[in-house]
Each structure stands twice: as structure tokens, then as C-alpha cells.
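Colleague: model this:
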Amino acid sequence: MQYSIRMGVPEMSDLWSDLQKKHKTEKISKKDELLYQKWGKALKKLSENPFYPSLQSHEIIPLSRRYGEKVWQSYLENKTSGAMRMFWIYGPGKQEITIIGLEPHPEDKKKGGYDRINLSDIG
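Modeller: Model (predicted):
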């Protein structure tokens, strides 16, 4: 089952468009290029299978409560300091996934780490 990937607005849409533009014009920092490559690879896997093993996708209950629907977290990377995570929901249409956040892993879950995560709108 193939999913269409959408970007939440405005944050995720703006960030992805900016990275694509910088990548195409080769005016991209090494850090942003690495993020673009890792995120692109994770998006491809997510579109093919949201529960692809390396994504380690799982629901984040505090975000689901706050957002009013199930919010999932998937890994862009693991076992690195500040490992990036993308947050997503199913929808709004069938076979669609919307990326609503991209943040470093919140280390202090017990101290409200997920409270600081900013989520985009579906758009």
C-alpha cells in the first residue's frame, strides 16, 4: 500500500521547500544537506510502509491528546546526539500521511519534553 506524503502548513511545507530549493541550487550547508538526505530517505520508507523497521514508528500519546488524533513518531536517525524525529498523522485523505513536525528527540519525557514540540496544521 503506497501513501502520498503531505507537509503540514506552514512550518513543514516551508522547511521542506527551502531544503529542496537549496539542494537544487547547491547552496546548502553540509548540515542541511545531511538533514535533506536523511529526511528524504525516511519519507520514502514512510510512503511505502509507515512501520518499516528502521523508522521505529510509534504513537506519542501526549501529542495525540493535544492534537486530538493519533500522532506518530518515526526516526530519521538513531543513537546519535539530538537524533531527529518526524511526527505525522494519517490523512486528511485516504492513503495520505501528513508530516506535522520535525524535531530532535525530546530527552526528558518525564519533564514534559513533548510539550515543547511545535506541530504544523494539516492545511
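Colleague: tell me the average confidence for the helix or strand harbouring residue 65?
Modeller: Assigning secondary structure by DSSP states H and E places residue 65 in helix 61-67. Per-residue pLDDT over helix 61-67 has a mean of 92.
Colleague: what does that helix contact?
Modeller: 70-71, 73, 87, 89, 100, 114-115, 117, 119 (CB atoms under 8 Å, 6 or more residues apart in numbering). Placement of C-beta: from N, CA and C, glycine included.
Colleague: so what does the longest strand seen in the chain touch, helix or strand wise?
Modeller: Identified as the longest strand of the chain according to DSSP state E is strand 96-104. Judged by 3 or more CB pairs under 8 Å, 6 or more residues apart in numbering; DSSP states H and E, the packing partners of strand 96-104 are strand 4-7, helix 11-25, helix 30-48, strand 84-90.
Colleague: now the contacts of helix 61-67: which count as buried?
Modeller: The neighbour count (16 or more other CB atoms under 10 Å) marks 71, 73, 87, 89, 100, 114, 117, 119 as buried among the contacts of helix 61-67.
Colleague: and of those, the nearest to residue 13?
Modeller: residue 100 (10.6 Å; CB to CB).
Colleague: I'd like to know how far that closest one sits from residue 78.
Modeller: According to CB to CB, to the nearest Å, residue 100 stands 21 Å off from residue 78.
Colleague: Residue 75: what's it in contact with?
Modeller: With CB under 8 Å, 6+ apart, residue 75 has these contacts: 42, 54-56, 83-85.
Colleague: quick one: terminal-to-terminal distance for stretch 66-86?
Modeller: 17 Å (CA to CA, to the nearest Å).
Colleague: buried residues in that stretch?
Modeller: Quick answer for stretch 66-86 (16+ other CB under 10 Å): 67, 71-77, 84-86.
Colleague: Measure how far that stretch is from the centre of its chain, please.
Modeller: Taking the mean of its C-alpha atoms, stretch 66-86 sits 6 Å from the chain's own mean (CA atoms, centre = their mean, to the nearest Å).
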